[in-house]
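Q: model the structure of this input:
(one chain, ligands or ions: 1)
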Amino acid sequence: MTALTTQARETIKNWGWTERTTIAGYTRHYFGDHGWGGDKCGCVDDRCIGYHHDERDDCQCLPAWLDDYVKASRDGVR
Ligand SMILES: [Zn+2]
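A: A predicted model of the protein is given here:
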């Protein structure tokens, strides 16, 4: 299992304004009980770094995934 980078973890934890976003919740939303299966940048695609962006660059996918997660949580889908 890939570990998330510190930056990705901070981004996830600080994402929500009214909703609380957690790494556990984010992981569970996309991977159920299997644990994190995405890339360490926070993208749920496990081949993001080196494909969508360089390792040193911010992930452009993560905000979109987080948005989807927050919207789904708001609708009561977990
Ligand atoms: Zn990425």
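Q: who touches the longest helix along the chain?
A: Ranked by number of residues, the top helix in the chain under DSSP state H is helix 62-74. Residues from elsewhere that reach helix 62-74, judged by Cβ atoms under 8 Å, 6 or more residues apart in numbering: 8, 11-12, 15-16, 19, 21, 25-26, 29-30, 41-44, 78. No exception for glycine: its C-beta is placed from N, CA and C like everyone else's.
Q: cool, and stretch 22-34?
A: Stretch 22-34 has contacts (Cβ under 8 Å, 6+ apart) with 4, 9, 12-13, 35-38, 44, 65-66, 69, 72-73, 78.
Q: how about 6 Å then?
A: Applying Cβ atoms under 6 Å, 6 or more residues apart in numbering, the contact partners of stretch 22-34 are 9, 12, 36-37, 44, 69.
Q: pLDDT on the longest helix of the chain, on average?
A: Per-residue pLDDT over helix 62-74 has a mean of 92.
Q: please check the contacts of helix 62-74 and keep the buried ones.
A: Among the contacts of helix 62-74, those classed as buried by 16 or more other Cβ atoms under 10 Å are 8, 11-12, 15-16, 21, 25-26, 29, 41-44.
Q: what about this protein, any weak spots by pLDDT?
A: The model of the chain has pLDDT under 70 over residues 1, 77-78.
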